[in-house]
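A.B. asks: no sequence for this one, just the structure:
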């Protein structure tokens with residue numbers, strides 16, 4: 001654990017849900033369901049509802065002060081009008097941190113509600129209690145069992161997410177999970193009335209469990225503090241930022257969402273450039289760069305691409321796409337062509353980059369890769385084949401006994417595990433090849449993610465190989481990596 005003063009917030013020993021509803025479909029009940037579904041220790045969770053004695057088989061206390069144990073962290077599930085009473089109970093109980101899921105405060109623009117928020121934060125700060133929010137989803141920390149969604153994996157990873165928006169935090173986690181990414185921590189901090197973006201960047205820089213930092217921001221309050229914290233973080237860890245509210249319409253939406261002033265595009269771009277962070281323009285870019293930085297793709301050293309495994313039409317379009325990203329697709333050297341033709345038939349294949357030639361087996365695949373990459377003509381490989389994978393999904397090759405008989409066509413557990421192992425073995429083969437040829441391989445999983453494709457992407461990620469849903473996104477990511485590294489010239493090398 002870190003010695004940073006915010007570390008206890010991410011590792012609470014006990015949690016209280018203040019105002020947890022007795023009906024599971026009610027507003028705010030998702031936090032209780034998420035913690036239970038994710039296996040949170042019920043002995044460390046306290047439910048507070050003045051109108052109930054028991055919820056879901058757990059005792060329910062009428063106030064925080066009735067809880068017989070210490071309470072480290074409180075999640076507020078009450079309306080804005082109850083916040084002053086909640087604050088008084090938190091102070092009386094001596095809690096360490098408060099997550100205000102509660103909305104309807106300063107972001108409404110109502111001066112009276114803004115004063116309620118200011119007064120609450122002032123009282124909490126005076127008591128040494130730090131606050132996440134208001135108007136946010138709070139914490140996702142697998143190592144602590146904390147989550148705001150029962151769908152999130154509870155395996156710890158090395159990526160920390162700092163998001164002003166809860167919805168965008170959820171989208172980032174859900175989109176990156178099928179690609180193998182796992183998180184050390186994620187925080188949705190909403191209005192940022194107390195703890196702000198710069199506090200979390202400062203923490204991320206010091207967190208030993210975090211190696212990559214990604215962020216979605218809307219407002220830019222305390223600009224100097226944000227810049228200094230961003231600079232500290234980006235100096236030691238790759239830091240990727242998606243900034244909302246850069247257009248007039250986006251700025252208005254940010255103001256109504258979290259009460260934020262969005263700030264200038266030029267100023268924010270300069271802050272990222274000077275600090276060494278990278279600003280991205282879309283969710284897709286954020287996700288792709290996260291995968292790239294967390295895998296071997298981060299080592300790409302040049303623009304020369306070898307595209308391996310694509311038929312004619314795919315190769316033509318891919319060539320245009322790669323060129324459009326200011327990357328190169330060098331012709332296969334003559335010596336390499338000659339060596340390839342010794343075992344690759346002429347009909348229906350191409351040995352001129354892009355390569356269109358399926359390997360018969362693992363040995364032939366390794367031989368093809370070595371001939372091409374040992375030539376020194378390429379800096380990065382885009383492969384549409386995952387090691388020994390030649391396509392198909394679980395239970396492929398099984399005969400159908402009837403068009404509607406699902407039980408007969410569904411793979412058995414043994415067949416499913418055999419399929420999973422085949423995928424894992426394919427990823428290991430590609431990773432070993434990558435180590436032998438000495439240049440990064442990016443796996444292009446045509447058709448995107450879902451079911452069996454998720455297993456392929458996760459297996460590749462676990463083996464250190466990033467997966468991308470198209471040549472276009474792989475090529476764009478490589479270009480961004482190269483340009484990012486160039487902009488960081490003179491700063492500490494971190495990838």
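C.D. replies: Thanks, I have it. Because the structure is predicted, anything quoted here is derived from the model rather than measured.

A.B. asks: below-threshold pLDDT in the stretch 351-495 of the chain: ranges please.
C.D. replies: Within the stretch 351-495 of the chain, the stretches with pLDDT under 70 are 388-409, 447-453.

A.B. asks: apply 80 and report the result again.
C.D. replies: 358-360, 387-410, 446-453 (pLDDT under 80).

A.B. asks: now do the stretch 201-350 of the chain
C.D. replies: Scanning the stretch 201-350 of the chain for pLDDT under 80 picks out the ranges 219-221, 245-265, 309-312, 348.

A.B. asks: helices along that one, start to end?
C.D. replies: 223-236, 248-258, 265-275, 283-293, 312-324, 334-341 (DSSP state H, counting those that start in this stretch).

A.B. asks: those helices: which one's closest to residue 91?
C.D. replies: Among these, the nearest to residue 91 by CB to CB is helix 248-258 (25.4 Å). Where C-beta positions appear, they are placed from N, C-alpha and C, glycine not excepted.

A.B. asks: and the helices in the stretch 1-150 of the chain?
C.D. replies: Remark: helices assigned in the stretch 1-150 of the chain by DSSP H, counting those that start in this stretch are 7-10, 29-37, 83-93, 111-126.

A.B. asks: need the winner for burial among those helices.
C.D. replies: Of these, the one with the most neighbours on average (mean count of other CB atoms under 10 Å) is helix 7-10, at a mean of 21.

A.B. asks: what is that helix packed up against?
C.D. replies: Contacting helix 7-10 under the criterion 3 or more CB pairs under 8 Å, 6 or more residues apart in numbering; DSSP states H and E is no other helix or strand.

A.B. asks: how is this structure divided into domains?
C.D. replies: The chain resolves into domains spanning 7-293, 297-397+406-487 when parsed by automatic domain parsing.

A.B. asks: can you list these in JSON lines and add distance to residue 493?
C.D. replies: Formatted as JSON lines, these follow (distance: least, CB to CB, whole Å):
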{"stretch": "domain 7-293", "distance to residue 493": "10"}
{"stretch": "domain 297-397+406-487", "distance to residue 493": "9"}
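
A.B. asks: please identify the deepest-packed of those.
C.D. replies: Among the domains of the chain, domain 7-293 has the highest mean neighbour count (mean count of other CB under 10 Å), at a mean of 20.

A.B. asks: which strands or helices does the helix or strand where residue 432 lies pack on?
C.D. replies: Using DSSP states H and E, residue 432 sits within helix 413-437. Counting contacts by 3+ CB pairs under 8 Å, 6+ apart, helix 413-437 is packed against helix 362-373, strand 380-383, strand 441-444, helix 452-462.

A.B. asks: angle of it against helix 362-373?
C.D. replies: 30 degrees (axes from the mean of the first three to the mean of the last three CA atoms, to 10 degrees).

A.B. asks: now do helix 413-437 against helix 452-462, angle only.
C.D. replies: Using the same axes, to 10 degrees: helix 413-437 against helix 452-462 is 40 degrees.

A.B. asks: from the middle of its chain, how far away would helix 413-437 be?
C.D. replies: In terms of CA atoms, centre = their mean, to the nearest Å, the centre of helix 413-437 is set 23 Å apart from its chain centre.

A.B. asks: swap in stretch 467-487?
C.D. replies: The answer for stretch 467-487 is 17 Å, by CA atoms, centre = their mean.

A.B. asks: can you check stretch 99-106 too?
C.D. replies: Distance of stretch 99-106 from the chain centroid (CA atoms, centre = their mean) equals 25 Å.
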